[in-house]
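A.B. asks: let's see this in three dimensions:
(one chain, ligands or ions: 1)
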Amino acid sequence: MFVLSGKKILLGITAGIAAYKTASLVRLFIKSGAEVKVIMTPASKDFITPLTLSTLSKNPVHSTFYNTEEENEQWNNHVDLGLWADYFVVAPATANTLSKMANGTCDNLLLATYLSAKCPVYFAPAMDLDMYIHPSTKENLATLKSFGNTIIPATSGELASGLVGEGRMAEPADIVSFIEKDILSSLPLKGKKLLLTAGPTYEAIDPVRFIGNYSSGKMGFAIAEAAANLGAEVYLISGPSNQQTKNVLIKKIDVVSAEEMYEAAHSYFKQVDIAILSAAVADYKSKNIVTQKIKKKDATLNIELIPTKDILASLGEIKQQQFLVGFALETDNELENAKSKLKRKNLDAIVLNSLQDEGAGFATETNKITIIDKNLKEKSFKLKSKLAVAKDIMNEIVISIRDQE
Ligand code: CTP
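C.D. replies: All right, here's what the predicted structure looks like:
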């Protein structure tokens with residue numbers, strides 16, 4: 001699955017025999033694309049060595065507030081660790097640690113980090129069956145749930161004591177898939193389909209020449225990633241661009257010309273919930289594509305150009321349930337032009353970038369946008385990386401869709 005790709009996972013290990021399984025857990029998290037840091041309670045080091053975990057996670061493992069080796073004496077900042085994490089997973093979570101966390105005790109680094117963490121927290125309890133069903137454990141688990149934390153239920157089986165019953169830590173693969181499913185179910189665009197156009201189009205003149213533009217596709221690909229990270233299934237129709245995507249929720253459809261982009265956009269539009277047209281489509285194409293390379297002559301060369309089809313406007317005409325978003329790249333009268341495009345093309349929102357703004361536009365790493373909704377309400381954003389801009393655009397779309405539903 002994709003949901004853990006690029007995410008930062010803090011794994012907290014406490015002193016249960018199931019700690020030996022955390023080596024596999026670290027490997028599975030890394031295999032799913034996450035970055036992992038490990039913190040341990042001091043007693044858990046009797047069950048698995050920090051060396052194993054630091055080797056597998058490729059990060060130092062911490063278990064105390066200070067590093068004690070003289071030459072390397074430094075404070076292990078639990079606040080930083082807590083803020084670093086996108087997800088905090090405590091596995092195995094012993095009855096002792098559950099009790100301390102439920103009551104706000106913080107006499108070791110793991111407990112202090114828990115109190116500092118702002119991210120979602122998962123617990124995979126592991127203990128003997130009688131401890132698991134004891135009212136105090138049940139109460140502690142209920143308290144942790146009431147804090148918004150999630151419990152990954154222990155399973156039944158043979159326990160370290162030799163007894164058979166509930167209390168075994170869930171298997172590492174089941175912990176990973178539990179967390180992935182849980183994250184996926186909470187994503188705001190889960191189950192939604194999104195059509196996106198990106199990059200330039202090339203309009204052939206002869207077999208070796210074309211009319212094109214400087215669009216890199218960076219903004220469109222960043223939007224594809226941001227939308228997929230919110231759970232959307234993305235159809236990314238891309239003109240010639242060297243941008244890459246690995247996200248399994250993004251299906252890339254390569255096209256070259258405006259006509260091909262038009263056909264592809266129309267073939268997906270009916271089934272989608274959202275369409276964002278960020279491509280820099282050529283407005284004109286050569287009337288006749290010459291089949292042989294045009295030879296140089298001394299006289300002036302005239303190429304007759306005819307308009308391409310306006311993909312966005314054509315989708316605006318047939319739009320039903322789709323939330324349709326266009327882009328406007330302007331050099332003057334920006335707001336006025338963008339608002340008129342929004343109305344003319346029957347859009348739900350338009351993203352304006354002005355070439356007057358330094359750092360905005362084609363081929364840059366940054367962009368500065370104003371989003372205008374269909375009631376002509378404007379929202380301006382600061383100059384940001386294209387990835388951050390993509391997140392802003394998707395957040396605004398999520399809010400608008402929620403308001404509509
Ligand atoms: N667009 C499109 N098909 C075209 C031209 C533009 O889908 N043939 C879309 C772009 O992807 C963008 C929006 O229309 O979302 C606005 O593009 P832009 O080039 O700024 O506007 P135009 O309508 O082409 O107007 P102008 O070039 O005169 O500003």
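A.B. asks: now do stretch 301-316: distance to the chain's middle.
C.D. replies: 34 Å (Cα atoms, centre = their mean, to the nearest Å).
A.B. asks: can I get that stretch as PDB, trimmed to CA atoms?
C.D. replies: Extracted as PDB, the C-alpha positions of stretch 301-316 are listed here (Å, rounded to 0.1, in the frame of the first residue of the first chain):
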ATOM      1  CA  LEU A 301       8.300  31.100 -43.600                       C
ATOM      2  CA  ASN A 302       4.700  31.400 -42.700                       C
ATOM      3  CA  ILE A 303       2.900  28.700 -40.800                       C
ATOM      4  CA  GLU A 304      -0.800  29.000 -40.600                       C
ATOM      5  CA  LEU A 305      -2.000  28.300 -37.100                       C
ATOM      6  CA  ILE A 306      -5.500  27.300 -36.000                       C
ATOM      7  CA  PRO A 307      -6.900  27.200 -32.400                       C
ATOM      8  CA  THR A 308      -6.700  24.000 -30.400                       C
ATOM      9  CA  LYS A 309      -9.800  22.800 -28.600                       C
ATOM     10  CA  ASP A 310     -10.200  24.300 -25.100                       C
ATOM     11  CA  ILE A 311     -10.200  21.200 -22.900                       C
ATOM     12  CA  LEU A 312     -11.300  23.000 -19.700                       C
ATOM     13  CA  ALA A 313     -14.100  24.900 -21.400                       C
ATOM     14  CA  SER A 314     -15.400  21.800 -23.100                       C
ATOM     15  CA  LEU A 315     -15.500  20.000 -19.700                       C
ATOM     16  CA  GLY A 316     -17.200  23.000 -18.100                       C
END
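A.B. asks: mind listing what whichever residue of the stretch 51-200 of the chain sits closest to the ligand touches?
C.D. replies: Nearest residue of the stretch 51-200 of the chain to the ligand (Cβ to the nearest ligand atom) works out as residue 197 at 5.8 Å. To be clear about C-beta, it is placed using only N, CA and C from the backbone, and glycine gets the same treatment. By Cβ atoms under 8 Å, 6 or more residues apart in numbering, the residues touching residue 197 are 220, 237-239, 261, 265, 276-279, 281, 311.
A.B. asks: in helices, which of the residues you listed fall?
C.D. replies: Taking DSSP state H, the ones among those that sit in helices are 220, 261, 265, 311.
A.B. asks: quick check: the last one touching residue 258?
C.D. replies: Looking back up the chat, that one is residue 311. Yes. Counting by Cβ atoms under 8 Å, residue 258 is a contact partner of residue 311 at 7.2 Å.
A.B. asks: just the pLDDT for residue 160.
C.D. replies: On pLDDT, residue 160 comes in at 85.
A.B. asks: show the contacting residues for it.
C.D. replies: 17, 128.
A.B. asks: that one: what secondary structure?
C.D. replies: State at residue 160, reduced to three classes by DSSP: H, G, I helix; E, B strand; the rest coil: coil.
A.B. asks: what does residue 114 give?
C.D. replies: The assignment at residue 114 comes out as helix when based on three-state DSSP.
A.B. asks: okay, now it: neighbour count?
C.D. replies: Residues near residue 114, counting by other Cβ atoms under 10 Å, number 27.
A.B. asks: just to check, it is in contact with residue 121?
C.D. replies: Yes. Counting by Cβ under 8 Å, residue 121 is a contact partner of residue 114 at 6.9 Å.
A.B. asks: which residues do the two both contact?
C.D. replies: Residues touching both residue 114 and residue 121 (Cβ under 8 Å, 6+ apart): 88, 90.
A.B. asks: OK, contacts around the nearest residue to residue 225 once chain neighbours are set aside?
C.D. replies: Leaving aside its sequence neighbours, residue 225 sits nearest to residue 247 (Cβ to Cβ, 6 or more residues apart in numbering; 6.2 Å). Residues in contact with residue 247 (Cβ under 8 Å, 6+ apart) are 2, 5, 224-225, 228-229, 234.
A.B. asks: and the ligand, which of the ones in helices among the contacts of residue 197 contact it?
C.D. replies: Among those, the ones lying near the ligand by Cβ under 6 Å from any ligand atom are residue 311.
A.B. asks: double-check that residue 263 belongs to a helix.
C.D. replies: Yes. Counting by three-state DSSP, residue 263 is found in a helix.
A.B. asks: distance of the closest residue to it other than its chain neighbours relative to the ligand?
C.D. replies: What sits nearest to residue 263 in space, not counting adjacent residues and going by Cβ to Cβ, 6+ apart, is residue 255, at 8.0 Å. Residue 255 is 12 Å from the ligand, where distance means Cβ to the nearest ligand atom, to the nearest Å.
A.B. asks: dump the residue contacts of residue 255.
C.D. replies: Residue 255 sits in contact with 201, 237-239, 261, 263-264, where contact means Cβ under 8 Å, 6+ apart.
A.B. asks: need the pLDDT of it.
C.D. replies: pLDDT for residue 255: 98.
A.B. asks: which residue is nearest the middle of this protein?
C.D. replies: The residue lying closest to the centre of the chain (Cα atoms, centre = their mean) is residue 229, at 2.8 Å.
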